[in-house]
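A.B. asks: here's a sequence, model it:
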Amino acid sequence: MYKKTKKLENFENFFIIFTFILYFFIGSQIYTDYGFYIDEKFHRANGFYWLNFISDFLGFENLKQISKIKLDLIQDFTLPEIKKWNQYGVIFDLPAAYLEIFFNLNEPIKYFRFRHFLVFIIFFLGSIYFYRIIFNRFNNKLISLLGFILLILTPRIFGDAFWNNKDIIFLSIYIISIYFYFKFIDLPSYKNLILFSLFSAIATSMRIAGIFLPFSFLLFYLFDLISNKNKIEINFIFLLLISYIFFLTISWPLLWQEWPSSLFTILNLEMSWGGQVHFLGDYYRSQYLPQYYLVFWILVTTPVLHIILFFHGFINYSKRIIMRYFKIEKLNIYSDLWRSRGEKKDFFIFLNLVLFICALSFLNVDLYNSWRLGYFIYIFIIYFSTYSIYLIFKIKFRHFLKKLAIFLILIFFLIFRNYLYHPYQSVYFNFLVPENIKNKLDVDYTGLSGIGFLKKIIKEEPGTHEIKIGVNSWYPLWRMVELLDKKDQARIKILKNDKKYEANYLYSNRIYDVDKRYYRKYDVPINFNKIEEFKIDNTIIYEVYKRSK
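C.D. replies: As a prediction, this is how the structure comes out:
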């Protein structure tokens, strides 16, 4: 080991702060590069729906009228009616709606980009809390910084952090909740417990999976008390339940009038989407996906470095916990699965990871496309990847510089892979995945490529003439038209599927609501020829066809 000097400690602090600032600066410069996804218009409407509701409830008449006007102006014949789909949480949508009014953002491109920037800010804060989680556990700034870098440089997480206002927000809030759970382990206090309850409630309002946070807390708290034969602090249990229910109700206006029946309605909604998913050449209903679906997606979309580190850390920890279990003896001071607060935190992460992987794999939970609904699991994956770094650095410290140099080289490789996919990091596959596998999966399921395609067509078709575009996939491309310049909006005419043969171009992001092998809904008319397959790293993002006559 070495004795850390004040000079070295100051340098470490400077380097960490510099890394945080650099990441925020880069994010603030590139957030406008990313596309817009198909649900953004719905969630904007959701924000104004609840802003109108709360303004009416609190008697803010002016705000009520403005939000009502904004809501009425959101038109799209395929948007679901908010009154029937109002179960979504408001912790992002409602503040974003208010800030849109506050900053007087009236142009679609401005308020949608503003929402993207808000997503990035929240993830930025969440990633700093992840650094604090790792530092809380390992008390090592370099290891904590490497854990932070592994998280933010995961390409799918990096890309989604600039637009995904559901899964990335949930991931960020989940991180903060775990941080305050760790703080409670260090110091069981009312303050830490209330903060844990607050963020657990906010997480639950985003995704119903957040309800496992208070359940995990209670399970571990009781387990700890029984195993150590301590007196049960009923005050902590009572405060957790009361504060969690209170914060959940406050942060979720739907519960104000229909508690608790609406909670069961929401649970049913989140588990019963029933959409179609294209997976390895076959088509499945989302609730009947193969049991290996989640694990498969994690393996093909996670960088190889992360996978290797995770398995090294997870296997080593699993071996230790198994050996510890079989060595437990009665009346032994070490007769427990953990011997320190740090080991207890490891076990909490371990148990949550195993339970969530099993639950999402073996229960009929809709995972939609890829594993974005399970992105919060990534916290546990990166935790064990960092645990692996901790073990590696612990072996022989005299080789510290060599280890650090190797990790820096691998990190620069991650930066290159992010650069290669930019601004489509959200469709990233690691370099081990062959082309024939990538193109048998739903890739651009959120439609991020739509705006880029329209801008490219306009650039290639200069002038003022009308451009007719047909959509040969299950994608509302017309929602992207309002994001163009006014003069370009007038040129674009999006045709319905049954009129696509009249189009100048056909666009397809290869997402379908029927099995193409048996239904001809998305057959390309014979007078159209493929002129482009937009690819990144041999992954087809979208296809373009042009009418020949």
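
A.B. asks: so what does the helix or strand hosting residue 309 touch, helix or strand wise?
C.D. replies: Residue 309 is part of helix 304-326 when elements are defined by DSSP states H and E. Applying 3 or more CB pairs under 8 Å, 6 or more residues apart in numbering; DSSP states H and E, we find helix 304-326 packed against helix 141-152, helix 341-362, helix 378-395, helix 400-421. C-beta: built from backbone N, CA, C; applies to glycine.

A.B. asks: for the third one, packing partners?
C.D. replies: Contact analysis of helix 378-395 by 3+ CB pairs under 8 Å, 6+ apart lists helix 108-138, helix 141-152, helix 167-186, helix 304-326, helix 341-362, helix 400-421 as its packing neighbours.

A.B. asks: one more pass at 7 Å, please.
C.D. replies: Other helices and strands packing on helix 378-395, by 3 or more CB pairs under 7 Å, 6 or more residues apart in numbering; DSSP states H and E, are helix 141-152, helix 167-186, helix 304-326, helix 341-362, helix 400-421.

A.B. asks: what angle do helix 108-138 and the fourth one make with each other?
C.D. replies: Here helix 341-362 runs at 130 degrees with respect to helix 108-138, directions being taken by axes from the mean of the first three to the mean of the last three CA atoms, to 10 degrees.

A.B. asks: isn't residue 53 right up against residue 252?
C.D. replies: No: the criterion here is CB atoms under 7 Å, and residue 53 misses it with residue 252 at 11.9 Å.

A.B. asks: among the helices and strands packed on helix 304-326, which is nearest residue 87?
C.D. replies: helix 341-362 (20.1 Å; CB to CB).

A.B. asks: of residue 53 and residue 252, who's got more company?
C.D. replies: residue 252 (24 against 19; other CB atoms under 10 Å).

A.B. asks: skipping its backbone neighbours, what lies nearest the more buried one in space?
C.D. replies: residue 205 (4.3 Å; CB to CB, 6 or more residues apart in numbering).

A.B. asks: how near is that neighbour to residue 80?
C.D. replies: 19 Å (CB to CB, to the nearest Å).

A.B. asks: what do you get for residue 95?
C.D. replies: Distance from residue 95 to residue 80, by CB to CB: 22 Å.

A.B. asks: can you check residue 223 too?
C.D. replies: 42 Å.

A.B. asks: how about residue 423?
C.D. replies: 28 Å.

A.B. asks: which one of the two has more residues nearby?
C.D. replies: residue 423 (19 against 13).

A.B. asks: ok, the nearest residue to residue 295 once chain neighbours are set aside - how many residues close by?
C.D. replies: Excluding the flanking residues, the one nearest residue 295 by CB to CB, 6+ apart is residue 361, at 6.6 Å. If you count neighbours by other CB under 10 Å, residue 361 ends up with 17.

A.B. asks: what's the answer for residue 540, then?
C.D. replies: Neighbours of residue 540 (other CB under 10 Å): 18.

A.B. asks: wait, is it part of a strand?
C.D. replies: Yes: if the criterion is DSSP: H, G, I helix; E, B strand; the rest coil, then residue 540 is within a strand.

A.B. asks: wait, it sits on residue 440?
C.D. replies: No: applying CB under 7 Å as the test, residue 540 and residue 440 come out as separate, 10.5 Å apart.

A.B. asks: hang on, isn't residue 516 packed against residue 510?
C.D. replies: No: counting by CB under 7 Å, no contact exists between residue 516 and residue 510, whose distance comes to 9.6 Å.

A.B. asks: okay, the two: which has more neighbours?
C.D. replies: residue 510 (23 against 14).

A.B. asks: which secondary structure state does that one sit in?
C.D. replies: Under three-state DSSP, residue 510 comes out as coil.

A.B. asks: need the pLDDT of it.
C.D. replies: Here the pLDDT value assigned to residue 510 is 94.

A.B. asks: before we move on, what about residue 497?
C.D. replies: pLDDT at residue 497 comes out at 83.

A.B. asks: what is the end-to-end distance of stretch 469-487?
C.D. replies: 17 Å (CA to CA, to the nearest Å).

A.B. asks: which residues are in contact with that stretch?
C.D. replies: 36, 38, 41, 76, 78, 108-109, 112, 447, 450-451, 454, 489, 492, 494-495, 497, 500, 503-513, 522, 524 (CB atoms under 7 Å, 6 or more residues apart in numbering).

A.B. asks: give me the helices and strands touching the helix or strand containing residue 26, please.
C.D. replies: According to DSSP H and E, residue 26 maps onto helix 6-30. Secondary-structure packing of helix 6-30 (3+ CB pairs under 7 Å, 6+ apart): helix 108-138, helix 141-152.

A.B. asks: and stretch 522-539, average pLDDT?
C.D. replies: 94.

A.B. asks: same check on stretch 26-37?
C.D. replies: Computed over stretch 26-37, the average pLDDT equals 96.

A.B. asks: then stretch 428-441?
C.D. replies: According to the model, stretch 428-441 has a mean pLDDT of 94.

A.B. asks: next, the buried residues of it.
C.D. replies: For stretch 428-441, burial by neighbour count (16 or more other CB atoms under 10 Å) applies to 428, 429, 430, 433, 438, 441.

A.B. asks: likewise stretch 364-373?
C.D. replies: Quick answer for stretch 364-373 (16+ other CB under 10 Å): 365, 366, 367, 368, 369, 370, 371, 372, 373.
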